[in-house]
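Colleague: With the input below, show me the fold.
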Amino acid sequence: MTVRFQAAVLRAYESPFTVEEVVLRTEPAVGEILVEIAGTGMCRTDLAVRRSAGRSPLPAVLGHEGAGVVVRTGDGPDAAIAVGDHVVLSFDSCGHCQNCRGAAPAHCDSFASLNLFGGRKQEPPRLTDASGEALAPRWFGQSSFAEYALVPARNAVRVDPALPVELLGSLGCGSLTGAGAVLNTFRAGPGDTLVVFGAGAVGLTAVMAATAAGVLTVAVDRHPERLAWAERFGATPLPAASPDLPGRIRRLTDGGAQYALDTTASPPLINTALRALRPTGSLGLVARLHTPLALEPGTLDRGRSIRHICEGDAVPGVLIPRLIGLWQAGRFPFDQLIRTYPLAAINEAERDCDAGRVVKPVLLPERAHR
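Modeller: Take a look at the predicted model:
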């Protein structure tokens, strides 16, 4: 099988994406599916490759919030996912390590190698540009900034074909992370209190999930328009520049929040979050730290704790249908964060994302909408 299609290729860390023809030269192997991408979200993790200091091999096709329609499979007619199925794609995992067997695939022993390129070595290269140069494949098991993606079936979650599949891709990572932090990691519910630092896509979906779960929530951000979004979704907004920010949060949450979620990776805000917690409160970090984290004296006193949260501690096949159900019930309006762009406008989408003009860009390949 040889498939030629358009994809957005990142050739250098400081260069714009180029939308160009690429070539896939392989049939799906057993356990793999070929998906025609209907839409794919742009996530901060995709853009962070530019700051990876050479750790991510280029040229590459990025994208890891894809959704679309299965057009070919490597399995027989009894496969769990079949041609014609509509699917949301999520992160890759091995399925057989201790954490995968324990329903914690986000902590798969092979997570880094499977999701940050090169985890499944193939010879000759499976994905190349039109001249035959190899492209780094399988970014988070997908490389979905493209018209097609060859992915492990394990990454895919089947969804109702009556739903607008082109909008569902962000459920595979950004929404999964924000909502999963609340529903899985914290297991927050009625009577609990939460403060979210950073009202971007992850933070706002955390607010949505908290509101759906009956959690009293405070949202902190420096942008008034993001705070307006958070208030719309049920949180009490609080500017990051507020005097005595920890004290104001403690007053709003009756003595301190039980849970805090930081999406900013800002050491001062992380210390503020810890100071805003009640005794035994927990802080979760979802963003990668780029500088050493110095904790101020007393921030971990009285049983407070801090941990990293990866992919919302989610099993995608469990959480994605749950989020879709909440969305259909009007309780998880993630689609209100989305602005769509044609794949050819990927650089505009990136500029708008960096400038804060859009919360969640979703790229629509032309082939799926002809």
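
Colleague: could you pull out the helices for the stretch 1-150 of the chain?
Modeller: 44-47, 98-101, 111-115 (DSSP state H, counting those that start in this stretch).

Colleague: Whichever strand or helix holds residue 362 packs against which elements?
Modeller: Element membership for residue 362, per DSSP states H and E: strand 360-364. Counting contacts by 3 or more Cβ pairs under 8 Å, 6 or more residues apart in numbering; DSSP states H and E, strand 360-364 packs against strand 32-41, strand 338-342, helix 346-355. Where you see a C-beta, it was placed from the backbone N, CA and C, and this is true even at glycine.

Colleague: Show me what it pairs with in its sheet, parallel or antiparallel.
Modeller: With DSSP bridges as the test, strand 360-364 is paired with strand 32-41 (antiparallel), strand 338-342 (parallel).

Colleague: winner for burial among these?
Modeller: strand 32-41 (a mean of 26; mean count of other Cβ atoms under 10 Å).

Colleague: For residue 214, which of the helices and strands packed on strand 360-364 is the nearest?
Modeller: Smallest distance to residue 214 across the helices and strands packed on strand 360-364 (Cβ to Cβ): 25.6 Å, for strand 338-342.

Colleague: hmm, who's touching the closest one?
Modeller: With contacts defined as Cβ atoms under 8 Å, 6 or more residues apart in numbering, strand 338-342 is touched by 39, 41, 166-167, 170, 348-349, 352, 358-366.

Colleague: if you set the cut-off to 10 Å instead, what comes out?
Modeller: Strand 338-342 is contacted from outside by 19, 39, 41-42, 166-167, 169-170, 201, 347-350, 352-353, 357-366, 369, using Cβ atoms under 10 Å, 6 or more residues apart in numbering.

Colleague: what's the average pLDDT for the strand holding residue 362?
Modeller: Predicted confidence along strand 360-364 averages 98 (mean pLDDT).

Colleague: repeat for stretch 50-65
Modeller: 83.

Colleague: which strands and helices sit next to the lowest-mean-pLDDT helix or strand in the chain?
Modeller: Lowest by mean pLDDT, DSSP states H and E among the helices and strands of the chain is helix 44-47, with a mean of 86. Under the contact definition 3 or more Cβ pairs under 10 Å, 6 or more residues apart in numbering; DSSP states H and E, helix 44-47 sits against strand 2-10, helix 174-180, helix 346-355.

Colleague: Could you export the strand holding residue 362 as PDB, CA atoms only?
Modeller: The C-alpha trace of strand 360-364 is given here as PDB (Å, rounded to 0.1, in the frame of the first residue of the first chain):
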ATOM      1  CA  LYS A 360      -8.300  25.300  21.300                       C
ATOM      2  CA  PRO A 361      -7.500  25.400  17.600                       C
ATOM      3  CA  VAL A 362      -8.700  22.400  15.600                       C
ATOM      4  CA  LEU A 363      -7.300  21.800  12.100                       C
ATOM      5  CA  LEU A 364      -9.500  20.400   9.400                       C
END
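
Colleague: re earlier: okay, the strands paired with strand 360-364 in TSV with mean pLDDT and distance to residue 111 next?
Modeller: Converted to TSV, the strands paired with strand 360-364 look like this (pLDDT from 0 to 100; distance: least, Cβ to Cβ, whole Å):
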stretch	mean pLDDT	distance to residue 111
strand 32-41	97	19
strand 338-342	98	27
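
Colleague: To residue 271, which of those strands lies closest?
Modeller: strand 32-41 (31.0 Å).

Colleague: Tell me which helix or strand comes right after the host helix or strand of residue 196.
Modeller: Element membership of residue 196, judged by DSSP H and E, is strand 193-197. Scanning forward in sequence from strand 193-197 by DSSP H and E, the next helix or strand is helix 201-212.

Colleague: Output the contacting helices and strands for the helix or strand that that following helix is followed by.
Modeller: Of the helices and strands lying after helix 201-212 in sequence (DSSP H and E), the nearest is strand 216-221. Where contact means 3+ Cβ pairs under 10 Å, 6+ apart, strand 216-221 is packed against strand 193-197, helix 201-212, helix 224-232, strand 236-239, helix 245-252, strand 257-262, helix 267-275.

Colleague: Can you check which of these gets nearest to residue 162?
Modeller: Among the helices and strands packed on strand 216-221, helix 201-212 sits nearest to residue 162 (Cβ to Cβ), with 22.2 Å.

Colleague: Could you export the closest one as CSV, keeping only the C-alpha atoms?
Modeller: Presented in CSV, the C-alpha positions along helix 201-212 are these (Å, rounded to 0.1, in the frame of the first residue of the first chain):
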residue,chain,number,x,y,z
ALA,A,201,-7.7,24.5,27.4
VAL,A,202,-6.6,22.1,30.1
GLY,A,203,-7.5,24.5,33.0
LEU,A,204,-11.0,25.3,31.5
THR,A,205,-11.9,21.7,30.9
ALA,A,206,-10.8,21.0,34.5
VAL,A,207,-13.3,23.7,35.5
MET,A,208,-16.0,22.1,33.4
ALA,A,209,-15.4,18.7,35.0
ALA,A,210,-15.4,20.2,38.5
THR,A,211,-18.6,22.0,37.9
ALA,A,212,-20.2,18.8,36.5
